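>>> the following block contains a protein sequence and its predicted model.
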Amino acid sequence: MTRCSNDTLISKIGMKSLNKLMEVDFAVLTDIDSCVKVNTKNYIDYNGTSAVYNVYSTPEDMFNCLAEGCKNSGTLTVMNAAGSVAGASFGVNADATEFAAGVITYYVHFPAAGTYGVETTISDIADQNQSDSDIYQKQVIVKEAGFHPVVIDLSKLPEAGSGLGWAASENGIIIHVDVTPESSIISTIGFSSIYVYNSIEDFEVNDVVKIGCIDEFAGELTVDPVEASCFGAGYDATSIAIERTLTGKSATANYWKLNPLMSKGTLTSGWLIQTAEKAVSATTIDGVDYGYVQLADMNMDECAFTSAAIADSCNVTESLLNRVNTPAIVEINEKQFIVLADGKILFHKSLVGKDLVISYPKKVDVEHFVGNEDVLDARRVRMSFTQEQTDGVKQNYVYNNVLITSFPGTVNNEETTFEFTISVQRDKNGNFFEMYRVAE
C-alpha cells in the first residue's frame with residue numbers, strides 16, 4: 001500500500017525583529033499663514049492698457065508642505081504691449097513698524113518662458129506718489145508659463161530707492177510691482193495673494209523628529225462590524241481606528257515639537273534655580289548694621305524661589321532662614337532675611353562672616369516655550385517607519401496625518417524612555433496610510 005504525504009512546504013516570510021538602528025521619523029508641519037493679506041482685486045492703480053480680476057485663478061500654495069485649505073486668492077491680470085512694463089499698486093493697511101524687517105511674499109503669473117525683471121517699490125501709505133521709497137529688484141528666469149513666488153526680505157538693503165527711502169509707520173504701506181518681459185513676450189502679467197510676515201522666522205515651520213533605539217512599535221487596526229438588512233454583514237467605515245504606541249530610548253533634540261501643546265514663546269531671557277555657597281559681608285544702612293550677599297545675576301522678576309540656610313549647621317531644621325517679603329528695609333532677627341530690588345540679600349548682623357547656602361533664580365539667556373492649545377489645530381504630523389521582512393524586502397509605511405495623543409513625561413533613575421501614542425487619521429485624499437515595498 002502506498003502512503004500519501006505532503007512533506008513540501010510553501011516558502012514563507014516573517015518580519016525581522018527590531019534592532020537598535022531602526023528609527024521612526026516624524027515630519028512636524030505647521031502651515032505658514034500671515035495675519036496680513038492683500039487680495040489683489042483691491043488694487044489702487046495699474047500700469048497697462050487694461051486689467052481684469054479672476055477670482056478662480058488661484059496659485060497653488062508653494063510655501064507650505066501638504067498645505068490644508070485654500071489660503072491664496074484670485075489674480076489681477078494687467079495687459080500691455082509686448083515687452084512693455086505691466087504693474088499694479090496695492091495698499092497694506094497694517095502697522096508697518098511690526099514688519100519693517102519682515103518678509104513680503106506674492107505670486108506673479110508669467111505668460112511664457114523667458115527672462116523677466118521684477119521691481120517691488122515700497123513706500124508709506126500716505127506717500128501716494130512713492131516719492132520716498134525702497135526698491136527691490138529681481139531677475140526671474142521662467143521655464144514655462146505659470147505662477148512663480150516672489151519673496152522680498154525687508155531686513156536686507158534694497159537695490160535702489162527714491163527720496164529719503166521708506167520709513168515704517170503705523171499707517172501701512174503701498175506696494176507697487178512692475179514686471180518687464182523680454183521684448184518678444186506679450187506683457188500679460190498676473191498678480192496674486194500678497195502676504196506680509198513679521199520675520200523670516202515665521203517660515204521655520206517644518207521639522208523632522210527622529211526616535212531611535214526602538215524597543216517597541218505596537219498597535220492595532222480596529223473596525224466594527226455592522227449588520228446589513230440584506231445580504232449579510234459588513235463593516236462600519238466610520239468606526240475605523242488605528243493607534244500605535246512607540247517606545248524608544250533616543251530622540252533628536254527637537255522632539256518637543258511632538259508635544260501637541262508646546263510652541264515657542266517670545267522671551268529671550270529667563271531663569272533657572274542656582275544654588276551657591278556665599279560668605280556674608282558687613283554693611284550699614286541708615287545707621288543699622290546688617291550682613292549682606294550681593295547676587296548680580298539674580299532674576300528680580302521671579303520672587304518665589306529664593307531660600308537661604310547656614311552652611312555649617314548640623315541641625316538642618318534650625319539652619320533654614322525665613323524670608324521677610326517686603327520691598328522696604330525693616331528690622332530683622334538672626335533667622336530672617338530680606339531680598340532687595342538690586343539683587344542684594346540682607347541678613348542679621350550676627351551672620352557676618354558666616355557661609356550661607358543660597359538658592360535663587362539666576363538670569364539666563366533662554367529659548368522660551370509655552371504650553372497651551374493655540375497650536376492644536378495648526379500643527380500636523382506625518383510619520384514614516386520601515387519594516388524589513390526576512391527575505392530582505394522592506395515595507396515603508398507613511399502615515400500622512402497622525403495625532404500625538406500622549407507625550408512622554410516620566411523621569412526616573414532608569415534609562416530615559418520616550419513613549420508616544422499615535423492616532424492615525426485620514427489624510428486629505430481619504431487614506432489612512434501608504435505602504436511602499438522595496439526590494440533592494
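Received it, and whenever you're ready, just let me know what you need. Residues are numbered from 1 along each chain as shown.
>>> going forward, measure contacts and count neighbours with C-alpha atoms only.
Will do.
>>> ok, now which ones touch Thr188?
77-80, 86, 110-111 (C-alpha atoms under 8 Å, 6 or more residues apart in numbering).
>>> list the contacts for the residue nearest to Ala101 when sequence neighbours are not counted?
Once flanking residues are discounted, Ala101 sits nearest to Ser155: 4.2 Å by C-alpha to C-alpha, 6 or more residues apart in numbering. By C-alpha under 8 Å, 6+ apart, the contact set of Ser155 is 100-103.
>>> distance check, the nearest residue to Gly74 once chain neighbours are set aside against Asn72.
Excluding its sequence neighbours, the residue lying closest to Gly74 (C-alpha to C-alpha, 6+ apart) is Val55, at 4.1 Å. Val55 sits 10 Å away from Asn72, going by C-alpha to C-alpha, to the nearest Å.
>>> neighbour count winner among the two?
A direct count of neighbours by other C-alpha atoms under 10 Å for Val55 and Asn72 places Asn72 higher, at 20 against 14.
>>> most centrally placed residue in the protein?
The centroid of the chain falls nearest to Val205 when counting by C-alpha atoms, centre = their mean (4.2 Å).
>>> burial count for the spatially closest residue to it that is not a sequence neighbour?
Leaving aside its sequence neighbours, Val205 sits nearest to Thr30 (C-alpha to C-alpha, 6+ apart; 5.2 Å). Using other C-alpha under 10 Å, Thr30 has 22 neighbouring residues.
>>> kindly report the same for the one 3 residues further on.
Residues lying near Asp33 (other C-alpha under 10 Å) number 16.
>>> skipping its backbone neighbours, what lies nearest it in space?
Excluding the flanking residues, the one nearest Asp33 by C-alpha to C-alpha, 6+ apart is Lys71, at 8.0 Å.
>>> does that neighbour count as helix, strand or coil?
Classification of Lys71 using DSSP: H, G, I helix; E, B strand; the rest coil returns coil.
>>> same question, Gly291
strand.
>>> thought it was touching Lys344?
No: applying C-alpha atoms under 8 Å as the test, Gly291 and Lys344 come out as separate, 10.2 Å apart.
>>> higher neighbour count, these two?
Taking neighbours as other C-alpha under 10 Å, Gly291 and Lys344 compare with Gly291 leading, 21 against 15.
>>> ok, that one - contacts?
So Gly291 contacts 280-283, 346-352 (C-alpha under 8 Å, 6+ apart).
>>> okay, strands next: where are they in the stretch 251-400 of the chain?
Secondary structure of the stretch 251-400 of the chain (DSSP state E, counting those that start in this stretch): strands at 262-264, 269-279, 281-285, 288-294, 307-310, 322-323, 336-339, 344-348, 355-365, 369-371, 379-388, 394-406.
>>> parallel or antiparallel, list what pairs with the fourth one.
To tie it back to what came earlier, the one meant is strand 288-294. Strand pairing for strand 288-294, using DSSP bridges, gives strand 281-285 (antiparallel), strand 344-348 (antiparallel).
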